[in-house]
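Asks: Predicted model follows, preceded by the sequence.
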Amino acid sequence: SPIMLHAFNDPQSPRSCLVSPAHVKHALHLIRLRLLRIWQLMLLISLGATVVAIFWWQTNFLDIRSQEWAAYDSGLQLFIQKLPGDFAKPKISDDIVIIAIDDSTFDAIDASDRTQVDWKARYGLWPYDRRIWADVIDYLSKAGARMLVMDMVLDTARSDESGDIAMAEAMSTARFPVYLGFNVIPKDGALFPGLPKVEPKNTPMVSRVPPSHPSAPTPSADSPDDSGFEETPEVDFAAAMEERRKLAAHAYAFPLEMKGGLEAPVFSSNGDPRFPKPAVTPLLTAASGFGSVVPEFDDDGKMRRTRFVWSDGINPCLSLPVAAAAEPFNAETVTIEPGMLTLGTHHVPINPDGSAEINYGGKLFERFPVIPLVDV
């Protein structure tokens, strides 16, 4: 206190530079008197500031949330991605290669009808016939790839199923696991009542038995003459959809253990529940696994954090990156606890609430080799 310093620094006193126990006692007595006089005002100011801060954040008054996010983004780039030296400089991955469906691919396939290799006739226009993914899987398998993670959703049946069957056969015979994404949609009564409850199970690839796909029947000698029109067999769409729902439930569900009072977040949009949509039937039995590709955007359209596990209220499932990572770590189950994600013997520090902020570490081409799909 300036008053105390003025009293202590008496030039006439031989001990003016020393603080005696009496001085300390006197100072504490003054502090106590002041607190007794103004503690109510201090408490009122603190409570008022807290209420204003909560109101400001919850109502986004004066757009404070976007300012907070902008400050977070700037801080992340400044203190992590732009530190001096090589500590935080983006490094090209030695393990992951991005195959990009880019403009050069669209242009090359579109113009291929004027070249010797007519990709346009084989694959059509975007969205391409799924035979293209069968060709990619076959090539990558022969080239020695260790895994293929397809960041896409294939849940719409085509009128011609030959591409789906070709892709499923390529997955089944590939030397590496193939993972696909799935999307979520609202429940729609009888048309889509959601997925049934199943017992989640993850089987390592080495013990998987490639599924068999029905082949065309071989005509026998006493087969009737097929020169005329044959009667198209009736398809029980209800039974087919029920089978597809069961296959999807088994393909999507993953053994999950939540600890420390945490629960898997439920798929929703604006408070309305969402449910995983089944992929096309041939792929459900051929793919090594599936994961959610539902984006987790902030209100400004950017992704700054992620969760790793989800639930439709019936079965637990994983995000696509975690589902794919479970394969090389031989994880038969995924464990989420406050501060830790466990995949087999691999441990990843996360937030106490089971989420984690994303450090992208630079732009895509600064982190991974990028190859246009047309080059493959």
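Replies: In hand now; what should we look at?

Asks: can you give me the strands in the stretch 51-200 of the chain?
Replies: 98-100, 148-153, 178-182, 184-185 (DSSP state E, counting those that start in this stretch).

Asks: I'd like the distance between the spatially most central residue of the chain and residue 39.
Replies: Geometric centre of the chain, nearest residue: residue 319, 4.3 Å, by C-alpha atoms, centre = their mean. Going from residue 319 to residue 39 by C-beta to C-beta, to the nearest Å gives 50 Å. Glycine gets a C-beta too; all of them are placed from N, C-alpha and C.

Asks: Then residue 374?
Replies: Here residue 374 is placed at a distance of 73 Å from residue 39 (C-beta to C-beta).

Asks: Could you double-check that residue 294 sits in contact with residue 185?
Replies: No. Counting by C-beta atoms under 8 Å, residue 185 is not a contact partner of residue 294; they are 10.6 Å apart.

Asks: residues bridging contact with these two, i.e. touching both?
Replies: Common neighbours of residue 294 and residue 185 are listed as residue 274 (criterion: C-beta atoms under 8 Å, 6 or more residues apart in numbering).

Asks: tell me the pLDDT at residue 210?
Replies: pLDDT, residue 210: 43.

Asks: got it, and residue 87?
Replies: pLDDT recorded at residue 87 is 64.

Asks: Quick one: mean pLDDT over the longest helix belonging to the chain.
Replies: For the chain, the helix with the greatest residue count under DSSP state H is helix 21-59. Across helix 21-59, pLDDT averages out at 88.

Asks: which ones are touching residue 76?
Replies: Residues near residue 76 by C-beta under 8 Å, 6+ apart: residue 359.

Asks: do you know how far it is from residue 328?
Replies: Distance from residue 76 to residue 328, counting by C-beta to C-beta: 28 Å.

Asks: And for residue 156?
Replies: 30 Å.

Asks: what about these two, which has more around it?
Replies: It is residue 328, of residue 156 and residue 328, that has more neighbours when counted by other C-beta atoms under 10 Å, with 15 against 9.

Asks: how far out from the middle of the chain is the longest helix of the chain?
Replies: Counting by C-alpha atoms, centre = their mean, to the nearest Å, helix 21-59 is centred 45 Å from the centre of its parent chain.

Asks: just stretch 20-29 next, same as before
Replies: Relative to the centre of its chain, stretch 20-29 is centred 61 Å away, using C-alpha atoms, centre = their mean.

Asks: same question, stretch 353-369
Replies: For stretch 353-369 - counting by C-alpha atoms, centre = their mean - the centre lies 12 Å from the chain centre.

Asks: for that stretch, what is the average pLDDT?
Replies: 89.

Asks: Please apply the same query to stretch 325-335.
Replies: For stretch 325-335, the mean per-residue pLDDT is 92.

Asks: Okay, buried residues for that stretch please.
Replies: Applying a neighbour-count criterion of 16 or more other C-beta atoms under 10 Å, the buried positions in stretch 325-335 are 325, 326, 327, 331, 334, 335.

Asks: Which residues does that stretch contact?
Replies: Against stretch 325-335 from outside (C-beta under 8 Å, 6+ apart): 146-147, 177, 179, 202, 204-205, 254-259, 288-289, 308-309, 318, 322, 341-346.

Asks: hmm, 7 Å instead?
Replies: 147, 177, 202, 204-205, 254-257, 259, 288, 309, 318, 322, 342-346 (C-beta atoms under 7 Å, 6 or more residues apart in numbering).

Asks: again with stretch 123-136
Replies: 106, 109, 122, 154, 163, 164, 166, 167, 170, 376.

Asks: Find the residue closest to the third one in space, skipping its chain neighbours.
Replies: Of all residues not flanking residue 122 in the chain, residue 131 sits nearest, at 6.6 Å (C-beta to C-beta, 6 or more residues apart in numbering).

Asks: Fine by me, we can end here.
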